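Novice: Predicted coordinates and the sequence they were generated for:
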Number of protein chains: 2
Amino acid sequence: MHEIAKLFESRLNIANVGSEIFARSLEFQGAQVVQVDWKIPCGGKDELISILTKLRTRETRVATKGQTLQDLIDEANSRALEIVNASHPTVVGIGRALDVIPGMETNLILHAGPPVDWENMCGPMKGAVMGALIYEGMASDEKEAASLAASGKIRFEPCHHHSAVGPMAGIISPSMPVWIVENKHSGNKAYCTLNEGLGKVLRYGAYSDEVIKKLKWMEEVLAPVLGEAIQIHGDIDLRTLIAQALQMGDEGHNRNKAGTSLLIRELAPAIALVKADERTKSEVLNFMHSNDHFFLNLTMPAGKSSLDPISDLRHCSLVTAMARNGTEFGIRVSGLGDRWFTAPAPRVKGLYFPGFSDEDANPDIGDSTICETYGIGGFAMAGAPAIVEFVGGKPSDAIAFTLSMYEITVGESSIYRIPLLGFRGTPTGIDIIKVVEKGIVPAINTGIAHKDAGIGQIGAGLVEPPLKCFEDAFKAFYTRLTKEMNL
Amino acid sequence: MHEIAKLFESRLNIANVGSEIFARSLEFQGAQVVQVDWKIPCGGKDELISILTKLRTRETRVATKGQTLQDLIDEANSRALEIVNASHPTVVGIGRALDVIPGMETNLILHAGPPVDWENMCGPMKGAVMGALIYEGMASDEKEAASLAASGKIRFEPCHHHSAVGPMAGIISPSMPVWIVENKHSGNKAYCTLNEGLGKVLRYGAYSDEVIKKLKWMEEVLAPVLGEAIQIHGDIDLRTLIAQALQMGDEGHNRNKAGTSLLIRELAPAIALVKADERTKSEVLNFMHSNDHFFLNLTMPAGKSSLDPISDLRHCSLVTAMARNGTEFGIRVSGLGDRWFTAPAPRVKGLYFPGFSDEDANPDIGDSTICETYGIGGFAMAGAPAIVEFVGGKPSDAIAFTLSMYEITVGESSIYRIPLLGFRGTPTGIDIIKVVEKGIVPAINTGIAHKDAGIGQIGAGLVEPPLKCFEDAFKAFYTRLTKEMNL
């Protein structure tokens, strides 16, 4: 009998690699099958596989060390992870955007995501820009604001180009108060507006009178009280607050109930001492209490200030920013400096507020994906199973998301740990090479804005970034690498 | 061939019931074995098995309905669970123990656990009593206090006899301020002191000047400010706060970081409006902020006020109180009214603060086991995996504890849900029959007091209540049942 034929006489121990359909079919015939997850690298794309092979082949020798290119990259990535893990984001104060944000000007408006001009802005971003111009007193109504925005007299630049980040439309105009977050390890700063709360808010593209009135109150009442409270309290260690919040059901992006609570209890004793009347202080405390997302605008600059120190490291393949302007999704990669790699913004799959559906939704928008870039948000969902009530899915999905993110990250946070996973650090440092090789994109959860200006938030959900951004960056990364090394 | 012998010719599918040692031995011989958990009921004790059999035998007919006694008990237990689930604990104010606690008197001191006289009190309880007498101005020092306590002029009664509960020594003296918690569903009230914080505190048996000074500050400053803040704020819905906290990593007994944070953010806007100077308000906010156990003294009366309405239901085999005075562990059972069933207080297995060990520890003490009786605390540990850092063990143990508690409870909370378990309600309503039948005792986590008066907390850990309390109650329950029904 042929040796192979003998095999089928005996009881088979079967392992199936790759597509599950074969395993299911064998099981149907009564066999026991062990299924091994495996996908063809780089989605089977020749050009990408070829680059991956070159990165890992000894023949592509580097300098005198006999290393592969991948060895060099691994070294750079390890150093980068150390820098991110050593970062120490700290609230040091509140300031006016024009006074504190580097390069801010009176006719400049910052927005979320990669660069976009007025013509190509999505509805909610246009709405937020118009609201900001009205808020600044540069236009008296929607029509005037739209015409000013289109006139060329106003410049638009990404928050990310100015050490800043903004949720959703991410609009920062000159008079807005911003949190000043300093990375005490590297000395750099990051900036973010104060969170406006729920309902009709500028960041979701609403610009009615109530929106502008609230922004003015935030500028004139909220920011001075909080600013003085921070002076009384002293610096606020965000690393400690975020680490605690992640052990209290937050993931730091769409769930910030614990972070908000911890911030309030931290600041309340100082707010009591601020020179303001009792009613004002009560209003400020109540404003924070009424908005569980208040802390989001601190996790974001915490991430930004921690990632900026690795924004331009030679040979480093880690993502330093993921951001969306509502039209395009863009990423930046450490070894490629400030270049953006973009693709059309994807749609969010989620849960809608009553009366809204998929058709009303704007594509994915906002700088808040700095959270995932930093190793929290979607990457820390295993610590926040209750979030599925807000973004959809089952608690077990939340755990699965975090576990799969270890596949595409270079390491783990040494600060942010998930009790449920035996206090394992969150997956940290998205490596474009791993993303492209495995075809696994970062897990992101996010809010959903109405596609039209002036309406606001209509839901929240999960979104898959376009793989194209990572593939394009991967190719550019290899090109730059070979050029730099004269290979 | 004999039929049985044939069996051993074929491939065996083996299920092993009970002791795992047989399964392991078969596996060692190459067999595949499915292990089924099973223990002999009632630990194999004849008297208990005999009662259990009678409860479930149709021959023991009840009235005209042809039911077993167990059917009657099941009905009563279901009704009791409904009452507990419908309970609505709410903070309605703060008052002076003498003014608000039913039956409180100037020469009466309330303590944790079942009744105990001065002679039999453990070290930390004696310490707390002496501290309370000094605080009340009834003694000027330790010696005078001890002699007064022993003189017979002071009466000692359990908190539980006065609609109250107290953590650790659980001492309530006439002048102490107490939370007033009303169960808005049943209209009854429960009382608990305000949590003193960490370090040297009366509840752990410390009574030095700093302890007494802090108690005075709590009476003269903290309580009036919080009392006025509650008036401004209005009632505080504890059910909502506890439900949120259990989704934020608390289990409501040894981890109350979230509950404390939620309480602070809820009250801070009202505290800002209280008629007191700014420094005082800041002090009050800071006092709460500095103590993550502050909320424990609210989860406890929430439990007490929710369980008291089932404290005397005919045929109901649910536990209505578990409490320890540091000398004895005691339980009360609904169908047995206010009788205590006691056994020597067990020792806690846990983590010690630096410099302390097992030898320094007092046996288990405190009314805080009202949490577990109410379906939170040790029963909700699956939602609080980070607690193992405080009480010992692995995060997976925390989940296992909660899962095993479903074995001895009559149902689930309809309010308190654990995201990780698919938002399943916490195991609620400890049934003495199930405890005795399965030999599984309630999972309790707790603080550890030094055995000597005057020292304080030295650790925290897990404790197993004595099965004897449940077995004795089980026998008494059956005796009463048969007597009532003339069987």
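Specialist: That came in fine, so what should we check first? Numbers count the residues shown, from 1 in each chain, chains lettered A, B, ... in the order given.

Novice: residues touching A:T446, list them.
Specialist: A:H253, A:N254, A:V348, A:D364, A:G366, A:S368, A:T369, A:V391, A:A460, A:G461, A:L462, A:V463 (C-beta atoms under 8 Å, 6 or more residues apart in numbering or on different chains). Every residue, glycine included, has its C-beta placed from N, CA and C.

Novice: next one: A:S78
Specialist: A:V410, A:G411.

Novice: and it, that's in a helix?
Specialist: Yes - counting by DSSP: H, G, I helix; E, B strand; the rest coil, A:S78 is part of a helix.

Novice: Quick check: it vs chain B, distance?
Specialist: 28 Å (C-beta to the nearest C-beta, to the nearest Å).

Novice: same check, this time on A:D360
Specialist: Taking C-beta to the nearest C-beta, one finds A:D360 at 28 Å from chain B.

Novice: Thought A:A449 was touching that residue, still the case?
Specialist: No - at 9.4 Å, A:D360 does not count as touching A:A449 under the criterion of C-beta atoms under 8 Å.

Novice: Give me the more crowded residue out of those two.
Specialist: A:A449 (33 against 17; other C-beta atoms under 10 Å in any protein chain shown).

Novice: Okay, now the unreliable bits of chain A?
Specialist: A:1-2, A:7-8, A:59-65 (pLDDT under 70).

Novice: tell me the centre residue of it?
Specialist: In chain A, the residue lying closest to the centroid (C-alpha atoms, centre = their mean) is A:T369, at 1.4 Å.

Novice: So which bits of chain A are right by chain B?
Specialist: Taking C-beta under 8 Å from any C-beta of the partner chain as the measure of proximity, chain A contacts chain B at A:244, A:247-249, A:257-258, A:260-262, A:264-266, A:268-273, A:278-279, A:281-283, A:285-286, A:288-289, A:385-386, A:388, A:394-396, A:419-423.

Novice: Selection in ChimeraX covering whichever of these are buried, please.
Specialist: In ChimeraX syntax, the buried subset of these is picked out as below (16 or more other C-beta atoms under 10 Å in any protein chain shown):
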select /A:244,247,248,249,257,258,260,261,262,264,265,266,268,269,270,271,272,273,278,281,282,283,285,288,289,385,386,388,395,419,420,421
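
Novice: so of the residues of chain A next to chain B, which ones are in helices?
Specialist: Counting by DSSP state H, the residues of chain A next to chain B place A:244, A:257-258, A:260-262, A:264-266, A:268-271, A:278-279, A:281-283, A:285-286, A:288-289, A:388, A:395-396 in helices.

Novice: And the closest residue to the residue nearest to the centre of chain A other than its chain neighbours, how far from A:A128?
Specialist: Spatial nearest neighbour of A:T369, chain neighbours left out: A:M322 (4.1 Å); criterion: C-beta to C-beta, 6 or more residues apart in numbering or on different chains. Separation of A:M322 from A:A128 (C-beta to C-beta, to the nearest Å) stands at 20 Å.

Novice: Tell me who's in contact with A:K281.
Specialist: Here A:K281 is in contact with A:V225, A:I271, A:A272, A:V274, B:A272 (C-beta under 8 Å, 6+ apart).

Novice: And those, which is closest to B:E219?
Specialist: Closest to B:E219 out of the contacts of A:K281 is A:A272 (20.8 Å), distances taken as C-beta to C-beta.

Novice: For that closest one, give me phi and psi.
Specialist: phi -60, psi -30 (degrees, to the nearest 10).

Novice: hey, where'd the strands end up in the stretch 1-150 of chain A?
Specialist: Here the stretch 1-150 of chain A has its strands, by DSSP state E, counting those that start in this stretch, at A:14-17, A:33-36, A:89-96, A:108-111.

Novice: Quote the end-to-end distance of stretch A:238-251.
Specialist: Its first and final residues considered, stretch A:238-251 spans 14 Å by C-alpha to C-alpha, to the nearest Å.

Novice: Could you give me the buried positions within it?
Specialist: Quick answer for stretch A:238-251 (16+ other C-beta under 10 Å): A:L238, A:R239, A:L241, A:I242, A:Q244, A:A245, A:L246, A:Q247, A:M248, A:G249, A:D250, A:E251.

Novice: now the residue nearest to A:G249 when sequence neighbours are not counted: how far from A:F22?
Specialist: Distances taken as C-beta to C-beta, 6+ apart put B:M248 closest to A:G249, at 4.3 Å, once the chain neighbours are dropped. According to C-beta to C-beta, B:M248 stands 44 Å off from A:F22.

Novice: Can you give me the distance of A:G383 to A:C371?
Specialist: A:G383 is 13 Å from A:C371, by C-beta to C-beta.

Novice: just A:N107 next, same as before
Specialist: Taking C-beta to C-beta, one finds A:N107 at 31 Å from A:C371.

Novice: same question, A:D338
Specialist: Taking C-beta to C-beta, one finds A:D338 at 21 Å from A:C371.

Novice: cool, A:L421 as well?
Specialist: Counting by C-beta to C-beta, the gap from A:L421 to A:C371 is 18 Å.

Novice: Same check on A:E219?
Specialist: Counting by C-beta to C-beta - A:E219 and A:C371 are separated by 26 Å.

Novice: what's the answer for A:K281, then?
Specialist: 30 Å.

Novice: now do A:D99
Specialist: A:D99 is 27 Å from A:C371, by C-beta to C-beta.

Novice: More neighbours: the two, which one.
Specialist: Per other C-beta under 10 Å, whichever of A:D99 and A:C371 has more neighbours is A:C371, with 31 against 11.

Novice: what residues are up against the more buried one?
Specialist: A:E251, A:G252, A:H253, A:T299, A:M300, A:G303, A:G377, A:G378, A:F379.

Novice: and with 6 Å instead?
Specialist: Going by C-beta atoms under 6 Å, 6 or more residues apart in numbering or on different chains, A:C371 touches A:G252, A:H253, A:T299, A:G303, A:G377.

Novice: can you count the residues close to the residue lying closest to it once chain neighbours are set aside?
Specialist: By the measure of C-beta to C-beta, 6+ apart, the closest residue to A:C371 outside its immediate chain neighbours is A:G377, 3.2 Å from it. For A:G377, the tally of surrounding residues (other C-beta under 10 Å) stands at 31.

Novice: what's the spacing between A:G377 and A:N445?
Specialist: Applying C-beta to C-beta to A:G377 and A:N445 gives a distance of 6 Å.

Novice: A:A169 versus A:M138, what's the distance?
Specialist: A:M138 is 17 Å from A:A169, by C-beta to C-beta.

Novice: and if you look at A:G355?
Specialist: Taking C-beta to C-beta, one finds A:G355 at 22 Å from A:A169.

Novice: So what touches the lengthiest strand in chain A?
Specialist: Under DSSP state E, the strand in chain A containing the largest number of residues is strand A:409-418. Residues outside strand A:409-418 that contact it (C-beta under 6 Å, 6+ apart) are A:77, A:81, A:85, A:239, A:243, A:246, A:375, A:382-383, A:423-431.
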